[in-house]
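Engineer: Need the 3D shape of this:
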Amino acid sequence: MIKIGSREIGPQHAPFVIAEMSGNHNQSLDRALEIVEAVAKTGAHALKIQTYTPDTMTIDLDEREFHISDPTSLWSGTSLYELYGEAYTPWEWHKPIFDRARELGIIAFSTPFDDTAVDFLESLDVPCYKIASFENTDLPLIRRVAATGKPLIISTGMATVAELDETVRAAREAGCKDLILLKCTSTYPATAANTNILTIPHLRELFDCEVGLSDHTMGVGVSVASVALGATVIEKHFTLNRADGGVDSTFSMEPPEMTQLVVEAERAWQALGQVSYGPTEAEQKSIQFRRSLYVVQDMEAGDVLTKDNVRAIRPGLGLPTKYYEIFLGKKVVTNVKKGTPVKWELLG
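Structural biologist: As a prediction, this is how the structure comes out:
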């Protein structure tokens, strides 16, 4: 069992739903605070932001590998430095964002990208940390975060099993006791066909930790399906309105969608239940409406039971239909009215 803030995480609890703000504040603190308020209204349990500056992410060059030239990329035509300058959350915004979240009863934390970010977040006493997929092989960063002793969530996008083994070992050896791995596909947006959520129970088995999904697909279907495979944490990007634009808006959820995700994820979790056969307590009243054997014509003593006068019908107060062939051709020993349930006593 893992506890983040006041929230317990594990199979015994409804999925922990994280709304990722990322750069969807569009460089407006007012908008960022609106996002916090909208997240709280959806019923999501946590808000996550990211802690970096353009200079802690890359260098200011707009050429070669520092220029995003892939025409299929959402950010094609810009440099890495420009992208991070547009997307980053100013550090002086962190405290008001976290304070507003706490006032509204939701957990707030962040993804650090270097040691300075960890130091800064520690000064704000965040309850846990998230490592992004692109940093899941940055073992020095993982060791630094793990050394805080706080719960650690790591996205697994792009990582091989061998790389994840190194990552998990580094985290645990540095002091991490509460670890959550999130299955992740690092494309934006991701497709359902490229999500491979059957990996989720395999991650749990391999690394003996809590597991979940960092979901970049559209809609709620993949996330809800992941719950059936054991996901106890779900993370989705969140915005007020995709039409407002922003670096991540294209694959982010709007408030009604996040509300639906919270509701449907909990329903999926409730539906798991346990291995169960036979009628549940709630089904007891329904048993009477099974099919059973009934006399469907008035009969006199000595009449023969036939396909015309005995049938399998609802309700279920007669003998089970498996005895149908046994009764055919037998004589009744007493007068019988139409609508009488078949009992052994009819044969004497």
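
Engineer: if I look at residue 214, how far off is residue 226?
Structural biologist: 10 Å (Cβ to Cβ, to the nearest Å). Every residue, glycine included, has its C-beta placed from N, CA and C.

Engineer: intersection of neighbour lists for the two?
Structural biologist: Shared contacts of residue 214 and residue 226 (Cβ atoms under 8 Å, 6 or more residues apart in numbering): residue 183.

Engineer: Provide the count of other residues in contact range of the residue nearest to residue 179 when sequence neighbours are not counted.
Structural biologist: Nearest non-adjacent residue to residue 179, counting by Cβ to Cβ, 6 or more residues apart in numbering: residue 209, 4.4 Å away. Other residues within reach of residue 209, judged by other Cβ atoms under 10 Å, total 18.

Engineer: for residue 138, same thing?
Structural biologist: Residues near residue 138, counting by other Cβ under 10 Å: 17.

Engineer: excluding its backbone neighbours, what's nearest it?
Structural biologist: residue 131 is the one closest to residue 138 (Cβ to Cβ, 6+ apart), at 7.9 Å.

Engineer: What's the per-residue pLDDT of the one you found here?
Structural biologist: In this model, residue 131 is scored at 98, pLDDT.

Engineer: Enumerate the beta-bridge partners assigned to it.
Structural biologist: Taking DSSP bridges as the rule, residue 131 bridges to residue 154.

Engineer: How about the contacts made by it?
Structural biologist: Counting by Cβ under 8 Å, 6+ apart, residue 131 has contacts 111, 138, 141, 142, 145, 152, 153, 154, 155.

Engineer: Show me which pair in those residues is furthest apart.
Structural biologist: Greatest spacing in the contacts of residue 131, by Cβ to Cβ: 138 and 153 (14.9 Å).

Engineer: Report the rounded mean pLDDT for the longest helix along the chain.
Structural biologist: As assigned by DSSP state H, the longest helix anywhere in the chain is helix 255-272. Confidence for helix 255-272, expressed as mean pLDDT, is 98.

Engineer: What of stretch 136-147?
Structural biologist: 98.

Engineer: State the distance from the closest residue to residue 270 other than its chain neighbours to residue 153.
Structural biologist: Excluding the flanking residues, the one nearest residue 270 by Cβ to Cβ, 6+ apart is residue 14, at 7.6 Å. Here residue 14 is placed at a distance of 17 Å from residue 153 (Cβ to Cβ).

Engineer: Neighbour count for the two, which is higher?
Structural biologist: With neighbours defined as other Cβ under 10 Å, residue 14 and residue 153 compare such that residue 153 has more, 28 against 17.

Engineer: Test my guess that that one contacts residue 128.
Structural biologist: Yes - counting by Cβ atoms under 8 Å, residue 128 is a contact partner of residue 153 at 6.6 Å.

Engineer: Can you report how many residues lie near residue 324?
Structural biologist: Other residues near residue 324 number 17, with proximity taken as other Cβ under 10 Å.
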